[in-house]
Every structure is written in structure tokens, then in C-alpha cells.
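Asks: mind folding the following:
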Amino acid sequence: MNQYESQAMRELLLGSGFQESNSKNAADIYIVNTCTVTHHADRQSRYFVNLCRRMNPDAQILVAGCFVENNGHDAALMPGTVRIVRNEEKGRIAEILNERKAKDEGRKIGDFSFLKITDFKGLSKAYVKIQDGCDNHCSYCKVPLVRSRLSSKPINDIVEEVGGLVNNGFKEIVLTGICLGAWGKDLFGEDIARRSDSGSVTLLDALKAIDKLPGDFRVRLSSIEPRYVTEELIDFMAGNKRMCRHLHIPLQSGDDEILKKMNRPYTQDGYRRPVDMARAKIEGVAITTDVLVGFPGESDNNFNNTLAFVKEMAPSRTHIFTYSRREFTPASSLGGELGADILKKRYDGLKAAAFEVSCEYRKGFLGKELNVLVETKRDASSGLLKGYSDNYIKVFFNGPDNIMKKVVRVKIKEVNAARTLGVYE
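Replies: Numbering: from 1, shown residues only. Next comes the predicted model:
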């Protein structure tokens, strides 16, 4: 989401006559687009503001994004900050920097969600933000407090934006949103051309519309909650060569008691069902996930249930993060927060298990060829090319620079805990 919105601000500024500095030290203006999902993200936001100030003490620094939604006063007092820019103001970034009155171009504040991106500098894939806002209200999560209400980009706009990016050479389109599976909820009642036969629209309608576009490209879903992984969606993915064989389905906990305290709307069984269905219908599908360790009051038994469930589900990649107290969230007043030593022990234990099941998944592709989208930079340590397969395996291999940003066939030759190595011929 932040990569998309940073690119949107970049294009707004370039279109208004600003120039992007080739030297970080020579910039007159710095824009720090922040995150606040964890306390670590807050620290990073402060760090980058201070870094900009050190690089050029005379520069203007604008602090934008989620961190300033609840910490605007703190951000405004940081040395060098000349302006805070809330999420709803990002669409006016050029007007704010020009210090002039907003020109009425028929676009309301908040329509930033519906801008169209044409490029992603230095990236091999393109992100398309099709949805914003979240009404899940997980007890630990600050996002509903700093993001707008549910909103969906209309299908016609999605198709136009994806088509433009494909025409500009991007071979992978990543659809993203705060709650991607909720796309279409607010479009009920739109004109019939944007509605399914049932009278409501779902993410599947957007995917079908994108699939009608010409061109050689593939589509990846960034993240989708378990309840939105429907049989219809899985059937579409299984029968469509453009869809990446990859579902990122957040778990957060593998213990039903903790899931209830988190206000997550499913149980172990509710998570297991869509995963099993996807694996039964999509050959070689990758299931990746997020797990939160150390939720307030999490006992050894609760954690062990999560550890066992992760081993059972065997995700090909697991993003693990420890609980971070976010002010104003229901979980912040629960009490029972765990000590740093317990958090580290549980994090390390889950990480070891996650590495093991990931390695086993990747070993299943030894000797097989995968379609890999080659990134625009080589691996710094080995000098090898690198890129992700459609089922989200990061592959390292030798090859020429002229295949960067292209999808190529790579044969998997070696798998270890750290890397998957292949051969391009």
C-alpha cells in the first residue's frame, strides 16, 4: 500500500513540475511516507525524518501517512518538519508544497485512493491499489483508526490502470488493499455494468474484468482474509493461467482462544478449510501467512497450539511479528503483556519451525521449471540474478542483464534453508 501511495505522490509531483532529485543529499524537499502498524514502524518513521534532516538541514521535510494520524503533534515537533500530511491529503501533495490554494479540478479530498499509476521506478512488478479501509476491527490493530472507511476503486478504473501498466512493460500486477477481499462491498448499487448477476460485486468480478485485457502479464493477490477465500475464487485461480499460484492468508494465531480475543472472525477449522481447498484444486499453490506472537495473556499452551498449527499448515513463507501495544486499540487495555525474553524465545521457536516447513515446500520443486519474474537488481552478495516465481519462491540464478523485468523459465537445482538456486538456459 505504501509503495503504491508513494508512487502516486511521485507522479502527482512530477506532473506538477517538480523534479525528483538524483542525490539524496541534494534534495530541497523530503517526503517521508510513514507506517504505524507496530512500534518498530513508528521508530523507523522517526529515524527517516531525522536522517533527512541530517542529509540536508536546510531542506523541507513533509511527514505523511498513518503515523501522523494519531501522532501528528509529535511529528510536527520533529526538527526540520514543515508540514504533516494526513492520508486524506496525499492527493493534494503538489498543492501543499506549492503553498497555494487548492484548485478545483473536480476531485475531492480523499479521492487519492482512485488515482491511476503509470509506472513504478526501479521495480519489476507493479502494484495497483484497488481498495482502502478495513472494518474487521481486530483488537490489536491500529489500521481502522488511521485509515478511511471501506472504499473500492471502480472496475473500469482498475482495468484502465492495469492496462496502462501492462502497456508500459510490467509483467506482474499485484492487487493490493488494506482489506483486499472486501473489494466491492461499497459498490452495491453501482450501474449494472459494474455488478455481477447477483446484484453485488466481489473481488472475483474485478479479476474477471482484468482477465479480458490483452497482453502478456500475470496477476497476484497481495493478501486476503480467510473468509474471502471462497470456492469460486479458488476455482477461478485454478482455471486461469494469469493468476499466480499464491495466496497470502493471514493467520495471526493458531489458537482458538487467542483468535477470539484478537476478534478474528474464524477458528482453526475456519482457516484450515480454505487452505485445504486451495491445495486440492491449485497444483503447487503457495500459502504464505502472518503470525502474531505474544498477544496479551498468551499462555505456553496457546503458543504451542499456534506452533503445532503452523507446522500442520506448512506455509511456504511466514511473516512473524511480536505483539506491539498500539494506543487506543482494545488490546492495549487487556493487561498481561509478556516480557521481552518470552517474546524472543517464542519468536525464535516459531521462526525455526517456519524455516523447516518452507524448505520442505521448496524442495518439492527440485528438478522442475518455474516461471520467474527477474528483478531489476542483482543480489548484492552473490551477483546472481533473482526473482519470484508465480508461486512466490525467490530464486537465484546466473543470466544476462537483458532478461531483467521479464518472466523466464528457471530450473530448480538446489534448495537450502536460506536460498533456492536455479539454472536459466
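Asks: where does the prediction get shaky in the stretch 101-250 of the chain?
Replies: Low-confidence segments of the stretch 101-250 of the chain, defined by pLDDT under 70: 101-114, 148, 188-199.
Asks: give me the phi and psi angles of the closest residue to residue 325 other than its chain neighbours.
Replies: Sequence neighbours aside, residue 332 is the residue nearest to residue 325 in space, at 5.2 Å (criterion: Cβ to Cβ, 6 or more residues apart in numbering). Backbone N, C-alpha and C define where each C-beta goes, glycine included. When quoted as degrees, to the nearest 10, the phi and psi of residue 332 stand at phi -70, psi -20.
Asks: same check, this time on residue 346
Replies: phi -70, psi -40.
Asks: what's the closest non-adjacent residue to it?
Replies: Counting by Cβ to Cβ, 6+ apart, the residue nearest residue 346 is residue 293, at 4.8 Å.
Asks: now do stretch 393-404: distance from first to last residue.
Replies: 17 Å (Cα to Cα, to the nearest Å).
Asks: kindly apply the preceding question to stretch 55-70 instead.
Replies: Stretch 55-70: ends 27 Å apart by Cα to Cα.
Asks: mind checking the pLDDT average for it?
Replies: What stretch 55-70 shows for mean pLDDT is 87.
Asks: next, the buried residues of that stretch.
Replies: In terms of neighbour count (16 or more other Cβ atoms under 10 Å), stretch 55-70 has its buried residues at 56, 59-70.
Asks: farthest pair within those residues?
Replies: By the measure Cβ to Cβ, 56 and 70 form the most distant pair in the buried residues of stretch 55-70, at 28.0 Å.
Asks: what is the subsequent helix or strand relative to the one helix or strand residue 71 maps to?
Replies: Assigned by DSSP states H and E, residue 71 belongs to helix 66-76. Downstream of helix 66-76, the first helix or strand assigned by DSSP H and E is strand 81-85.
Asks: can you give me the helices for the protein?
Replies: 2-15, 39-55, 66-76, 93-98, 143-146, 155-167, 203-211, 231-238, 256-261, 268-281, 300-313, 340-363 (DSSP state H).
Asks: quick one: closest of the ones you listed to residue 86.
Replies: The nearest among those, by Cβ to Cβ, is helix 66-76 at 6.1 Å.
Asks: which other residues reach the closest one?
Replies: Residues from elsewhere that reach helix 66-76 (Cβ atoms under 8 Å, 6 or more residues apart in numbering): 34-37, 41-42, 45, 49, 63, 81, 84-87, 142-143, 145-147, 327-328.
Asks: ok so, going back, just give the number of residues close to the residue nearest to residue 325.
Replies: 16 (other Cβ atoms under 10 Å).
Asks: look up how far residue 323 lies from it.
Replies: 10 Å (Cβ to Cβ, to the nearest Å).
Asks: cool, and residue 227?
Replies: Residue 227 sits 23 Å away from residue 323, going by Cβ to Cβ.
Asks: of the two, who's got more company?
Replies: More crowded of residue 227 and residue 323, by other Cβ under 10 Å: residue 323, with 19 against 15.
Asks: thank you kindly, that will do.
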